[in-house]
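Enquirer: Here is my input, please return the structure:
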Amino acid sequence: MKTKSGGYGQGTLTVKREPSGGKPGRYWLRWGTGKDQRAETVDAMNLTEARRMLAERVGAHRAMQGRAPASGAVGDTLGALLDAWLANGKGTKGEGKGKPWSPDTRETNTARVRRMPEHWKATKLADLTPSLLGNWYRELERQPSIGPASTMAAHKAISAAINHGAREGWDVNTDVTKHASIYVSEGDRVEEIPDDDLAKIKAAVLACTDRKFATYVILGAGTGCRKAEALGLDWKSVDLDAKTIWIRAKRTAPGGIQSGTKTSRGYRIIPIPDWLADYLKALPGEHTGLVVGLTPSDAGQRWVKWVQQDWGFSYHYHQMRHSFGSWLIRPKTDGGAGLSMADAARHLGEDLLTFAKRYAHHQRDFQPLGAGPAW
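Expert: Predicted coordinates for the structure are as follows:
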């Protein structure tokens, strides 16, 4: 069975039997939420007819509830949809699903929308196509002050807003952003920190009097872990004798720790370099509780104070992760670790395809095979 969900108001359409030989196919329609959820099996000659039947049921259901019809009446421009997404302000994935955004997430998403050109926001939802979004992304990436990272951020915001609209009954098609993602595959490649600057940052961090912040930066530089993973690392997950750490939690809000990481592949035990193990051993205290001991807000403020203001670098914390990933895959002859893409992706807790899109440009060109294997 094939499920077609999203883009059809609050409904889900499942193909139970494809049409063939002039006979109609069978489709299972489901709409509504919670106790008001409804379902029906219908026969239709094609998917378009089945979608129309679902849309009719969704519209009648919403009218019965006294809600706005799923026809764009609640706002028919991308700007209106983005505003509605920001006003909703709730997570949609994993443990954060249905929970209000943290202050950091709200600020990040608001900034993403604010930076979008006005002609984007004025565009009618009915006029959105993958090629139009692709042209927008290329236009954005060509601007000297923007680049791939901000292009990907804009794409994520638009995708999230459209998915939110589909759930709330807006007349939007989620396939638009799915197909437009091919235009931003190169945008996954976030700018890395040059080796010379990394060495300067490391030297400054080791001389820094703020031990909590220094530990936070060193974990990112020495393991490639994400910001939330570094803040969520506890001493129980550190084995200094075996020189490994277990990445299994994150800290994304001041209140506490959440088990799990950004992705299902994020759970991982990874080796740490000798210098990092020696640094952690030398830290004063009982070595209990959290290794860093900073909230996300504290960590962000101290990054701005130390790295950007005092040391004069414009980099972001996450760029250390991408620099580390590049080092993992770089050949040993070029000063890297020389790992395969599969091993490096496992080390960072990334899907192999995602990792390849971001880091494959560090692989050497294919070498000639000569005569090849015997045949």
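
Enquirer: quick one: the strands in the stretch 1-150 of the chain?
Expert: 2-5, 12-17, 25-31, 38-44 (DSSP state E, counting those that start in this stretch).

Enquirer: Just the CA coordinates for stretch 90-103, please, in PDB.
Expert: What follows is stretch 90-103, C-alpha atoms only, in PDB (Å, rounded to 0.1, in the frame of the first residue of the first chain):
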ATOM      1  CA  LYS A  90       5.500  24.100  18.100                       C
ATOM      2  CA  GLY A  91       7.800  21.300  17.200                       C
ATOM      3  CA  THR A  92       6.700  18.600  14.700                       C
ATOM      4  CA  LYS A  93       9.300  15.800  15.100                       C
ATOM      5  CA  GLY A  94      10.600  13.400  17.700                       C
ATOM      6  CA  GLU A  95      10.300  14.200  21.300                       C
ATOM      7  CA  GLY A  96       9.700  17.900  20.500                       C
ATOM      8  CA  LYS A  97       6.500  17.100  18.600                       C
ATOM      9  CA  GLY A  98       3.600  19.300  19.800                       C
ATOM     10  CA  LYS A  99       5.800  21.100  22.300                       C
ATOM     11  CA  PRO A 100       6.400  24.900  22.200                       C
ATOM     12  CA  TRP A 101       9.700  26.000  20.600                       C
ATOM     13  CA  SER A 102      12.500  26.900  22.900                       C
ATOM     14  CA  PRO A 103      13.500  30.600  22.900                       C
END
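
Enquirer: Now do it: everything it contacts.
Expert: Contact with stretch 90-103 is made by 89, 105, 109, 160, 163-164, 252-253, 258-260, 296-297, as judged by C-beta atoms under 8 Å, 6 or more residues apart in numbering. For glycine as for every other residue, the C-beta is placed from the backbone atoms N, C-alpha and C.

Enquirer: how about 7 Å then?
Expert: 89, 160, 163, 252, 253, 258, 260 (C-beta atoms under 7 Å, 6 or more residues apart in numbering).

Enquirer: circling back to that earlier point, would you mind telling me which of the strands of the stretch 1-150 of the chain is nearest residue 131?
Expert: strand 2-5 (21.9 Å; C-beta to C-beta).

Enquirer: Next one: residue 73, what pLDDT does it get?
Expert: Here, the pLDDT recorded for residue 73 equals 39.

Enquirer: still on that earlier bit, just say which of the strands of the stretch 1-150 of the chain is most tucked in.
Expert: strand 25-31 (a mean of 20; mean count of other C-beta atoms under 10 Å).

Enquirer: Direction included, what does that one pair against?
Expert: strand 12-17 (antiparallel), strand 38-44 (antiparallel) (DSSP bridges).

Enquirer: what stretches of this protein score poorly on pLDDT?
Expert: Applying pLDDT under 70 to the chain flags the ranges 1-11, 33-36, 62-75, 93-96, 141-149, 178-191, 253-255, 263-266, 357-375.

Enquirer: Lovely, talk soon.
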